[in-house]
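**Student:** here is a sequence together with a model predicted from it:
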Amino acid sequence: MARAAAALDLSCFAYLCLPHRRNDEARLISTYPLAWTAHYLNNHYERLDPVIRRVLQMTEPFEWGNNIESGELSDAQRQLFEEAARFGIRYGFTIPIHDGRGPVAAVTFASDEQGSTFRRCVEAHRRVLQLMALYFHASARRKLRSDRVVDGVALSPREYQCLEWSAAGKSAWEIGRILGITQRTATFHLENAKSKLGVSSLHQAIARLAASKER
């Protein structure tokens, strides 16, 4: 997705899968700055974000930025936008995904400025971007299912995700960047996966994962 978006002059994207239940975690895959995504998830901004509130109400893609009047926002929502702007996220094109097979999700392509390049790209490729989002969601949904079992051992979604990315050759730092979490958190989930699987090394955990997929 990052490569495809960059080819269309859209260098910044985020996929957010909303939780089924209030106390569950939202799941995020993005190329946004790591400091921002960690801050966003830690503060559960998906519950406050006016863009996500529109996602819950709409099925068609929409643009946001200047068209959201400050008077329509609460003080907390205005602060959210101000914080996002400091990380270069001021305008966006968001695609709501309501497929009836799981929680609501959204793909957003964002920009630091609502310039002519960004607007032209969105207008020219609106339906292509929507199709890209749907395919990405279908792939991500398979990886983000709540129940992940390896050799009869249930791992949490994050533990399974981190282990899969580790099996793909990614370091804890790279996994953190991909999933929008810190390197320390990625390492924590990998250690939990090893402990649950009763192995002492990451290579052994990856071997168990590979063997379980072959069955």
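**Tutor:** Right, received. Where do you want to start? Every value quoted in this text rests on a predicted model; they were computed, and no experiment measured them.

**Student:** what helices or strands is the helix or strand of the chain with the lowest mean pLDDT leaning on?
**Tutor:** In the chain, no helix or strand scores lower on mean pLDDT, DSSP states H and E than strand 148-150, which sits at a mean of 77. If you count contacts as 3 or more Cβ pairs under 8 Å, 6 or more residues apart in numbering; DSSP states H and E, strand 148-150 packs onto strand 153-155, helix 157-167, helix 202-214. Just so you know, the C-beta spots here come from the backbone N, C-alpha and C atoms, and that holds for glycine as well.

**Student:** quick one: which of the ones you listed is nearest Ser30?
**Tutor:** Each of those has some distance to Ser30 by Cβ to Cβ; the shortest is helix 157-167, at 13.8 Å.

**Student:** identify the residues contacting the closest one?
**Tutor:** Contact with helix 157-167 is made by 25, 27, 143-146, 148, 150, 155, 172, 174-175, 178-179, 181, 186, 189-190, 192-193, 196, 202, 205-206, 209-210, as judged by Cβ atoms under 8 Å, 6 or more residues apart in numbering.

**Student:** other SSEs contacting whichever helix or strand comes after it?
**Tutor:** Using DSSP states H and E, the next helix or strand after helix 157-167 towards the C-terminus is helix 172-179. In terms of contacts (3+ Cβ pairs under 8 Å, 6+ apart), helix 172-179 is packed against strand 27-30, helix 157-167, helix 183-197.

**Student:** nearest to Gln57, of those?
**Tutor:** Of all these, strand 27-30 sits nearest to Gln57, with 20.5 Å by Cβ to Cβ.

**Student:** so what does that closest one touch, helix or strand wise?
**Tutor:** Packing contacts for strand 27-30, counted by 3+ Cβ pairs under 8 Å, 6+ apart, involve strand 12-17, helix 34-42, helix 172-179.

**Student:** which parts of the least confident helix or strand of the chain are buried?
**Tutor:** For strand 148-150, the buried set under the neighbour-count rule, 16 or more other Cβ atoms under 10 Å, comprises Arg148, Val150.

**Student:** direction included, what does that strand pair against?
**Tutor:** Paired neighbours of strand 148-150 in the sheet (DSSP bridges): strand 153-155 (antiparallel).

**Student:** which residues does Asn192 contact?
**Tutor:** Contact analysis of Asn192 by Cβ under 8 Å, 6+ apart lists Leu155, Ser156, Glu159.
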